[in-house]
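# I need the structure of the sequence given here:
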Amino acid sequence: MTFDLYAWKSPRDLDADGAEALLDAWNESGGDPSASPFEPSTDVGWFYRELMTDEPELGASSDAVPNASSAPIWLATTDEAPARVVRVPVSAATPSDALDTLFGLAAKYDLVVYDTRSRSIHRPLDEMADHASATFWPAGAIQAAVAGGIGLVIASVAWVVAIPILSGIAIVIGGFLFVMAVFTFVHEGRKTMIGRRTNNE
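Numbering: from 1, shown residues only. Down below sits the predicted model:
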């Protein structure tokens, strides 16, 4: 069975019925990517470029401007041209790791993905954040505590040793790890408390 995945940046407030109606009307009018009912975004352009670089066999189509540069993407000095939508045909022969790449890039660029087979809307970045929160206690909490503790030790030792320049760099790195660990605990703690209040209500 063959079906399509569509990726776009905006609008973001569509449910499955709204997305299907929008796509049906667009495809009935010819399905020209440049006339799609989605807003242009450089994130879609970058998504298409990376997807075609990493997984060209997917056969994705888009209104994105093809980039002929052979330079690695991380060396790009200019922004990618805006694009509206990317369509990816999927069949039983499509490798699962290629789909993993697609959803990973969709999370990287915070895109919306619509699956025509299951008629479902996916927001990979939000789904990853929800999964991280759901699995934070206790494994994630332990990892955050260890990272924060290591950061505090690095900063403390660097302060005591006081080697010019090197100690300053170590203090910044260690302090960053510690602050991020504290921020993570505060953020996840608030989400847990809000979730409990909602369940009690």
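# For the rest of this, base every contact and every neighbour count on C-alpha atoms.
Will do.
# Next SSE downstream of the helix or strand of the chain with the lowest mean pLDDT?
Least confident helix or strand of the chain, by mean pLDDT, DSSP states H and E, is helix 124-134 with a mean of 70. Sequence-wise, the next helix or strand downstream of helix 124-134 (DSSP states H and E) is helix 141-161.
# now the next helix or strand after that following helix, how far from the chain's geometric center?
Sequence-wise, the next helix or strand downstream of helix 141-161 (DSSP H and E) is helix 166-200. The chain centroid and the centroid of helix 166-200 are separated by 21 Å, computed with C-alpha atoms, centre = their mean, to the nearest Å.
# Kindly report the same for stretch 19-33.
25 Å.
# same check, this time on stretch 142-153
26 Å.
# Can I get that stretch in CSV, CA atoms only?
Coordinates of each C-alpha in stretch 142-153 appear next as CSV, following Å, rounded to 0.1, in the frame of the first residue of the first chain:
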residue,chain,number,x,y,z
ILE,A,142,19.4,10.9,37.5
GLN,A,143,21.1,11.9,34.3
ALA,A,144,20.4,15.6,34.9
ALA,A,145,21.6,15.3,38.5
VAL,A,146,24.8,13.6,37.4
ALA,A,147,25.5,16.2,34.6
GLY,A,148,24.8,19.0,37.1
GLY,A,149,27.1,17.5,39.7
ILE,A,150,29.9,17.0,37.2
GLY,A,151,29.5,20.6,36.1
LEU,A,152,29.6,21.9,39.7
VAL,A,153,32.8,19.8,40.3
